[in-house]
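Peer 1: how does the following fold in three dimensions:
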Amino acid sequence: MGLLDDKVVLVNGGSQGVGAAVARAAVRAGAAVAVTGRRTEPGEALVAELAAADGEAMFVRADLADAEQAKGSVAQVVRAHGRVDCLVNSAGLTARGTLLDTTPELFDQHIAINLRAPFFAMQAAVADMVRREAPGTVVNIITSSAHGGQPFLAPYVAAKAGLMGLTRNAAHAHRWDRVRINGLNIGWTATEGEDATQRTFHAAGDDWRERAAARLPMGRLGRPDEIADFVVLLLSDRSGVVTGSVIDWDQNVLGGLD
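Peer 2: Numbers count the residues shown, from 1 in each chain. The predicted structure is shown next:
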């Protein structure tokens, strides 16, 4: 039996990167999966890939910056499957900005994607669980930078730190509903989005991963598939009673000094 047999899992921001890896891992674990994204082509390509592996999957086109579409992603899955058992909020914006040069527009974009979208997706998903009087699980993909982060990530850190607090608040509020809500503070990870970010904002060349790996304790970046397996565990009953935990998934030790 798979860890997520007979579960319906919605992965917001699931058409590429960590979200796509979570979708693949959830299907392998026996779940029916829905993924959202703004772009139809990669979303439908992922669904076709999962279907070819005998998985049950659907794509929901949604711009999660719009709160109504974030809530609507849950509603579409409920219409298709009758329920949502598990929600993963994986969408993220990492556009650079410091305290001194961030515009109100950039700040609002970060809040919209990195905080408001998961808030309203959780609102809709948890409401469905409570209505059915059924247990459920949520995992929010956050970031180790939520503890402070680099100066050029000021609006990103502000939004993700908010998500870290929201994760604990929502978990506390709904513990008696048997809805478990946890977060994962992931470190530097080799994704398509990170490749674009390095090239766009840091003038990185094709060898940026190798250069980055040489500066990291384990000699490599984190991999989406590793994170995905951990997320599946948190979504499943095998993570037991754990709720309100925000786990640092990184190779740098918070508070450690040389």
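Peer 1: after the biggest helix by length in the chain, which helix or strand is next?
Peer 2: Assignment by DSSP state H gives helix 154-173 as the longest helix of the chain. Using DSSP states H and E, the next helix or strand after helix 154-173 towards the C-terminus is strand 179-186.
Peer 1: can you name the residues in contact with the longest helix of the chain?
Peer 2: Under the contact criterion CB atoms under 8 Å, 6 or more residues apart in numbering, helix 154-173 has outside partners 89, 93-95, 97-99, 102, 106-107, 109-111, 113-115, 118-119, 122, 126, 138, 140, 142-143, 145-149, 179-183, 185, 243-244, 246. Using the backbone N, CA and C atoms, a C-beta is placed for each residue, glycine as well.
Peer 1: give the PyMOL command for selecting the buried subset of the residues you listed.
Peer 2: In PyMOL syntax, the buried subset of these is picked out as below (16 or more other CB atoms under 10 Å):
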select buried, resi 89+93+94+95+97+102+106+107+109+110+111+113+114+115+118+119+122+126+138+140+142+143+145+146+147+149+179+180+181+182+183+185+243+244+246
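Peer 1: give me phi/psi at residue 197?
Peer 2: Torsion angles at residue 197 (phi, psi; degrees, to the nearest 10) stand at phi -60, psi -50.
Peer 1: how many other residues sit next to it?
Peer 2: Residue 197: 15 surrounding residues under other CB atoms under 10 Å.
Peer 1: how close does the nearest residue in space to it that is not next to it in sequence get to residue 200?
Peer 2: Sequence neighbours aside, residue 94 is the residue nearest to residue 197 in space, at 5.4 Å (criterion: CB to CB, 6 or more residues apart in numbering). As for residue 94, its distance to residue 200 is 10 Å (criterion: CB to CB, to the nearest Å).
Peer 1: what's the answer for residue 72, then?
Peer 2: 30 Å.
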